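> mind looking at a prediction? Sequence and model below.
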Amino acid sequence: MLTNPSEMRKTYDPAGRGYHAVYHEHEINHCPGCGRTHWLIGRVSAECAFCATALPLAEASMRSHVAPVVIQHKNRSQAQAWAA
């Protein structure tokens, strides 16, 4: 049993952390719960459409939270819109 906070702090060791399942965009992602590949994608997580296992999005955890997120439609007109 750990008694003091200094024993609780450890160096960064991804291999020692163990299995960390995340949803990777543009890859085939198998559900760790049922093994299927159909997902419902949200803003920060993906949910298996069959067994409802939720995984965090790998891209969401890597996003910088310093700047605001600007969402632009891919078919957006490039012309400037001026108010009348």
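All right, it came through fine.

> can you tell me the SS state at residue 46?
strand (DSSP: H, G, I helix; E, B strand; the rest coil).

> cool, residue 29 as well?
coil.

> hey, what's the residue nearest to it when sequence neighbours are not counted bridged with?
Leaving out its chain neighbours, the residue that sits closest to residue 29 by CB to CB, 6 or more residues apart in numbering is residue 23, at 5.3 Å. Bear in mind the C-beta positions are built from the backbone N, C-alpha and C, glycine included. Residue 23 has the following beta-bridge partners by DSSP bridges: residue 57.

> quick check, residue 23 in contact with residue 40.
No: taking contacts as CB atoms under 8 Å, residue 23 lies outside contact range of residue 40: 10.5 Å.

> neighbour-wise, which of those two wins?
Taking neighbours as other CB atoms under 10 Å, residue 23 and residue 40 compare with residue 23 leading, 21 against 11.

> quick one: residues contacting that one.
29, 39, 41, 45-46, 55-58 (CB atoms under 8 Å, 6 or more residues apart in numbering).

> mind listing the helices in this protein by residue range?
5-8, 14-17, 58-62 (DSSP state H).

> would you mind checking the average pLDDT for the second one?
Regarding helix 14-17, the rounded mean pLDDT is 67.

> count of neighbours near the residue nearest to residue 38 when sequence neighbours are not counted?
Spatial nearest neighbour of residue 38, chain neighbours left out: residue 49 (4.2 Å); criterion: CB to CB, 6+ apart. The burial count assigned to residue 49 is 13, neighbours taken as other CB under 10 Å.
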